[in-house]
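Visitor: Just a sequence and a predicted model for now, questions to come.
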Amino acid sequence: MPKMKTKSSAKKRFSVRAGGSIKRGQAFKRHILTKKTTKNKRHLRGSTAVNERDAASVRAMMPYA
């Protein structure tokens, strides 16, 4: 059997933590930041976990992660 391929876009965007949750970056902080409040931008810092409803589709994109 040939190896399954990992989606290149998924391996750049997600990583699997030691506990099994999937880490992702925050959206909505790349551009058009002038109309966003300082509090809003501050809460968009850092990373967060992928929702459990979406985790199955992310895992399907990364079969060896």
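Guide: Yep, that arrived.
Visitor: tell me the centre residue of the chain?
Guide: Centroid check for the chain by C-alpha atoms, centre = their mean gives R24 as the closest residue, at 2.3 Å.
Visitor: residue contacts, that one?
Guide: By C-beta atoms under 8 Å, 6 or more residues apart in numbering, R24 lies in contact with 13-14, 47-50. In this view, the C-beta of every residue, glycine as well, is placed from N, C-alpha and C.
Visitor: Give me the subset of those that lies in helices.
Guide: The helices, defined by DSSP state H, take in R13 from the contacts of R24.
Visitor: between the contacts of R24, which is closest to M1?
Guide: F14 (24.9 Å; C-beta to C-beta).
Visitor: and S57, that's in a helix?
Guide: Yes. Assigned with DSSP: H, G, I helix; E, B strand; the rest coil, S57 falls within a helix.
Visitor: how much space between it and K12?
Guide: 16 Å (C-beta to C-beta, to the nearest Å).
Visitor: From K36, how far out is the spatially most distant residue from the centre of the chain?
Guide: Here the chain reaches farthest from its C-alpha mean at M1, the gap being 29.7 Å by C-alpha atoms, centre = their mean. Separation of M1 from K36 (C-beta to C-beta) stands at 49 Å.
Visitor: S8 now?
Guide: 30 Å.
Visitor: Out of the two, name the residue with the larger neighbour count.
Guide: Ranked by neighbour count (other C-beta atoms under 10 Å), S8 and K36 place K36 first, with 13 against 9.
Visitor: what's the more buried one in contact with, if anything?
Guide: By C-beta under 8 Å, 6+ apart, the residues touching K36 are F28.
Visitor: re earlier: A strand includes the residue nearest to the centre of the chain, no?
Guide: Yes. With three-state DSSP as the criterion, R24 is part of a strand.
Visitor: what's the spacing between it and G46?
Guide: Counting by C-beta to C-beta, the gap from R24 to G46 is 11 Å.
Visitor: again, but for G20
Guide: Taking C-beta to C-beta, one finds G20 at 20 Å from G46.
Visitor: related to what we said a few turns ago, just the buried residues from the contacts of R24, in PyMOL please.
Guide: The buried subset of those, as determined by 16 or more other C-beta atoms under 10 Å, is captured in PyMOL by this line:
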select buried, resi 13+14+50
